[in-house]
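K.L.:
curious how this folds, go ahead:
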Amino acid sequence: MSGLIQQLNNTGLPQEFMLKAIFYIIAASTVFFAIRMVISPNVFHGAIFLALALIGIACIYLYLDAEFLAVIQILIYVGAIVTLFIFAIMLTASIQDRTIKQTNEQVLLSAIVAFVFLCFFVTIIRRNPWQAAASKAEGLALAQLGRLLMSAYVLPFEVISLILLAALVGAIVIGKARK
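P.N.:
Coordinates of the predicted model:
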């Protein structure tokens, strides 16, 4: 990541400033898309905002030099799950019916629960000794993970792909049966 920053930094700004600026831009856009996903009255637009928020999380993984997690984030969450959501939304005939409520009546309760969870997670994050845990972690190369996925863990990998394929075919069959 620092090599990319050095190539982008032709303005003479310090590298540390550029790293922080890029992180805050990625984090702010991810939070923006996540909030838009939650408050969007249109379900299809919510799914698109979910995809953009998940892409932002993949960018944060890239920022942290976790390329494998970024690729998996894009392939599994954006490529499979969000695509499945969008197919299900598009194949559901009555999603645009005007009689279906598009808003949540429990906004206050949801906001209170979200705030309680926010306080809980902030407390956990502040109490955790991050530097000590980060220095003890051992790295596993991307090539080693690829070899493990295609040798020792090939059966679970293929079973998950078959389950996703069956869900996609099921959504298409259900959508065609209603027409």
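K.L.:
and the helices in the protein?
P.N.:
Along the chain, the stretches classed as helices by DSSP state H are 2-8, 15-39, 43-63, 67-72, 83-91, 107-127, 130-136, 142-150, 154-178.
K.L.:
any idea how far the residue nearest the centre of the chain lies from residue 118?
P.N.:
Most central in the chain under C-alpha atoms, centre = their mean is residue 54, positioned 2.5 Å from the mean C-alpha point. According to C-beta to C-beta, to the nearest Å, residue 54 stands 20 Å off from residue 118. C-beta coordinates here come from the backbone N, C-alpha and C atoms, glycine included.
K.L.:
now swap in residue 91 and tell me
P.N.:
Distance, residue 91 to residue 118, using C-beta to C-beta: 35 Å.
K.L.:
between these two, which one's more packed in?
P.N.:
Higher neighbour count among residue 91 and residue 118: residue 91, with 17 against 10, using other C-beta atoms under 10 Å.
K.L.:
ok, that one - contacts?
P.N.:
Counting by C-beta atoms under 8 Å, 6 or more residues apart in numbering, residue 91 touches 171-172, 174-176.
K.L.:
between those, identify the one with the most neighbours.
P.N.:
residue 171 (18 neighbours).
K.L.:
my guess is it contacts residue 87. True?
P.N.:
Yes: between residue 171 and residue 87 there is a contact at 5.3 Å, judged by C-beta atoms under 8 Å.
K.L.:
looks like residue 69 contacts residue 59 (just checking).
P.N.:
No: counting by C-beta under 8 Å, residue 69 sits too far from residue 59 to count as a contact (11.3 Å).
K.L.:
look at these two and report which has more neighbours.
P.N.:
residue 59 (20 against 16).
K.L.:
I'd like the distance between the more buried one and residue 33.
P.N.:
Distance from residue 59 to residue 33, counting by C-beta to C-beta: 11 Å.
K.L.:
how about the contacts made by residue 74?
P.N.:
With C-beta under 8 Å, 6+ apart, residue 74 has these contacts: 54-55, 58.
K.L.:
tell me the one of those nearest residue 25?
P.N.:
residue 55 (13.6 Å; C-beta to C-beta).
K.L.:
how many other residues sit next to the nearest residue to the closest one once chain neighbours are set aside?
P.N.:
Among residues not flanking residue 55 along the chain, residue 78 sits closest, at 5.9 Å (C-beta to C-beta, 6 or more residues apart in numbering). Neighbourhood size, residue 78 [other C-beta under 10 Å]: 18.
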